[in-house]
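Peer 1: Could you look at this predicted model? Sequence included:
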Amino acid sequence: MSMAAAMRSGGDPGPVVRPYAWTRGRTRPNVELAIETLLSTTTHGTQEERNLLPEKAAVVRCCQRARSLAEVAATLGVPLGVARVLVSDMADEKLLAVHEPAGDSDDRTHHALLERVLRGLRKL
């Protein structure tokens, strides 16, 4: 549950950790990731989950099935930029697999992808 969700539900959000602390103050990812980029937890990520910082463990759990970068940010309740940096670091550590969107080959493919992202966002 995100800090904002905990506060809305009346629960104790626990210690306040600013999202930029998750990225050690960095604002730029190592690799540029599109908002619709799909992410999935690797076998290595699953094996390492219990040894990870809580925010990384949350991403590992979130991405047990493929999720877009937008879904990860929304699920964690953090700004998209913070999610980009965190996910980029985790991909470098082989905790996440990054599935880049297809190239500019077919407008129907892009439309279908955007529809899937929109459906996923509506589910949140």
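Peer 2: Structure received.
Peer 1: quick one: the helices in this protein?
Peer 2: For the chain, applying DSSP state H gives helices covering 3-8, 19-22, 43-48, 54-62, 69-76, 80-92, 107-123.
Peer 1: Check the spacing between Leu52 and Leu114 real quick.
Peer 2: Leu52 sits 32 Å away from Leu114, going by C-beta to C-beta, to the nearest Å. The C-beta positions use only the backbone N, C-alpha and C, and glycine is treated the same way.
Peer 1: Could you check which of those two has the larger neighbour count?
Peer 2: Leu52 (16 against 12; other C-beta atoms under 10 Å).
Peer 1: May I have the phi/psi pair for the more buried one?
Peer 2: phi -90, psi 160 (degrees, to the nearest 10).
Peer 1: So it sits against Leu95, correct?
Peer 2: Yes. The pair Leu52 / Leu95 is scored as a contact, 7.4 Å apart, by C-beta atoms under 8 Å.
Peer 1: who touches both of these two?
Peer 2: Val60 (C-beta atoms under 8 Å, 6 or more residues apart in numbering).
Peer 1: show me what contacts Ala112?
Peer 2: By C-beta under 8 Å, 6+ apart, Ala112 has no neighbours at all.
Peer 1: separation between Lys56 and Glu115?
Peer 2: 30 Å.
Peer 1: More neighbours: which of the two?
Peer 2: More neighbours surround Lys56 than the other of Lys56 and Glu115, with 21 against 10 (other C-beta under 10 Å).
Peer 1: And that one, what's its pLDDT?
Peer 2: Listed pLDDT for Lys56 reads 93.
Peer 1: ok, now which ones touch it?
Peer 2: Contacts of Lys56 by C-beta under 8 Å, 6+ apart are Leu86, Met90, Leu95.
Peer 1: what does His44 give?
Peer 2: Residues in contact with His44 (C-beta under 8 Å, 6+ apart) are Lys94, Leu95.
Peer 1: which intervals of the protein have sub-threshold pLDDT?
Peer 2: Per-residue confidence for the chain (pLDDT under 70) gives these ranges: 1-27, 29, 101-110, 124.
Peer 1: let's see 80
Peer 2: The chain contains residues with pLDDT under 80 at 1-30, 100-124.
Peer 1: Alright, that wraps it up for me.
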